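Participant: Build me a structure from this.
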Amino acid sequence: MTSTKPDLDRHAEASPNAAGDLSSSMLLPTELLDPGEVVILMLKPSVWYILLAPLRGLVLIVLGTIGLLWLDDLMPLPISRQDILLLGVGLFGIRVFWQFLQWLSRVYVLTDQRIIRVKGVFHVHVFETALKQLQHTQLSFLVRERLWGLGTISFFTAGTDWAEAQWQMVSRPLELHQKIIQTMNRYRR
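Facilitator: Okay, here's the model as predicted:
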């Protein structure tokens, strides 16, 4: 007997029906899924998102710390070198921890009916749109993403000139993008 289920869940971290799966229910509230909706993909950004997304800020923290240490060599500051290092390490750690919380809160879902993106630590933002509303997708690679084999998939809906949602820093972006296109072609009515 052959299955009518699509052969698209090699990347899936969820079962075909996420409502009954314990691991997927921890990622996505079951209230977001309609009865009978088939989850094809459920994923998070790459773990590299924790360091790469705030890279500019982290570099500024490191450069600021080095700058204060250099300034302390030129003229004594009212703060010790240990305190400068502690401040730099503390700010770096707080920024990485915040990005970790943001990574934890993100989940990207592709079903047989729609695209869903959930993000936000304190202010949770849920984007969802029917597959038939998607006009096109765009795959982009920032330099920092390309170095780690990551990419960002943007979604454009009817009536907008800008991406309404993005799946940021996903692993295997070309393969995932192809899977999204296949799903759109198969299920869009």
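Participant: which one's the longest helix in this protein?
Facilitator: helix 81-105 (DSSP state H).
Participant: That one - contacts with which helices or strands?
Facilitator: Judged by 3 or more Cβ pairs under 8 Å, 6 or more residues apart in numbering; DSSP states H and E, the packing partners of helix 81-105 are helix 49-52, helix 55-74, strand 114-119. All C-beta spots, glycine's among them, are computed from the backbone N, C-alpha and C.
Participant: Next, the buried residues of it.
Facilitator: Residues 84, 88, 91-92, 95, 99, 102-103, 105 are the ones in helix 81-105 that count as buried (16 or more other Cβ atoms under 10 Å).
Participant: cool, and stretch 156-168?
Facilitator: Here stretch 156-168 shows 156-157, 163-168 as buried, counting by 16+ other Cβ under 10 Å.
Participant: sorry, back to before: which of the buried residues of helix 81-105 lies closest to P76?
Facilitator: P76 has its nearest neighbour among the buried residues of helix 81-105 in I84, at 11.8 Å by Cβ to Cβ.
Participant: which residues sit against stretch 46-66?
Facilitator: Stretch 46-66 is contacted by residues 84-85, 87-89, 91-92, 95-96, 98-100, 102-103, 106, 144-145, 148, 150, 168-171 when judged by Cβ atoms under 8 Å, 6 or more residues apart in numbering.
Participant: Having no further points to raise, I will conclude here.
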